[in-house]
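Trainee: turn this into a model:
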Amino acid sequence: MTTLVLDASAVVDLLLRNRNGKAVQSHFDGAELHSVAHLDAEVFSALARLHRDGTLAAAAVDVRLRLLARMNVLRLPITGALLQEAWTLRHNITARDALYVALARRLRGRLLTTDQRLARAVPGLCVDLAAM
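Mentor: Just a heads-up that it's a prediction; the model follows:
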């Protein structure tokens, strides 16, 4: 079974059901899905931003928040060991992104992201969605 760590960009695109979201969904068959505990907060923030800028109506955000709550993704706590590993990545990526990367490494999985900047920063770890 494949282990995938989803970051917030992948989940937002999945919830928006856009082209990137369809590429994300295509990797789910036979995969164990994991993320860090703050995934929901990051996705919530992104959806709220899309509402504020007029991209998503309030009702559309409500629907996506319910879908987020039901997603079969194991949210793992951010422990001292994970923080220490993420800290070693501080020169290349943001602290939030480093937590996803550290978790993928710890689980010996792949990182599923639609953030091209992050994917370029850790190319051997990320599932390549750019070609889709």
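Trainee: let me see the backbone angles for the nearest residue to residue 90 once chain neighbours are set aside.
Mentor: Excluding the flanking residues, the one nearest residue 90 by CB to CB, 6 or more residues apart in numbering is residue 98, at 6.7 Å. C-beta coordinates here come from the backbone N, C-alpha and C atoms, glycine included. Dihedral angles of residue 98 (phi, psi; degrees, to the nearest 10) stand at phi -60, psi -30.
Trainee: pLDDT at residue 98, what is it?
Mentor: Confidence at residue 98, expressed as pLDDT, is 98.
Trainee: identify the residues contacting it.
Mentor: For residue 98, the contact set (CB atoms under 8 Å, 6 or more residues apart in numbering) comprises 86-87, 89-90.
Trainee: hmm, try it at 10 Å
Mentor: Residue 98 is in contact with 82-83, 85-92, 118, 121-122, counting by CB atoms under 10 Å, 6 or more residues apart in numbering.
Trainee: now the residues you listed as JSON lines including distance to residue 23?
Mentor: Converted to JSON lines, the contacts of residue 98 look like this (distance: CB to CB, whole Å):
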{"residue": "82", "distance to residue 23": "27"}
{"residue": "83", "distance to residue 23": "30"}
{"residue": "85", "distance to residue 23": "27"}
{"residue": "86", "distance to residue 23": "26"}
{"residue": "87", "distance to residue 23": "31"}
{"residue": "88", "distance to residue 23": "29"}
{"residue": "89", "distance to residue 23": "25"}
{"residue": "90", "distance to residue 23": "29"}
{"residue": "91", "distance to residue 23": "29"}
{"residue": "92", "distance to residue 23": "24"}
{"residue": "118", "distance to residue 23": "15"}
{"residue": "121", "distance to residue 23": "19"}
{"residue": "122", "distance to residue 23": "18"}
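Trainee: out of those residues, who has the most neighbours?
Mentor: For those, the largest number of neighbours (other CB atoms under 10 Å) sits with residue 86, at 24 neighbours.
Trainee: so how far is residue 105 from the closest residue to that residue other than its chain neighbours?
Mentor: Nearest non-adjacent residue to residue 86, counting by CB to CB, 6+ apart: residue 98, 3.8 Å away. Taking CB to CB, to the nearest Å as the measure, residue 98 and residue 105 are separated by 10 Å.
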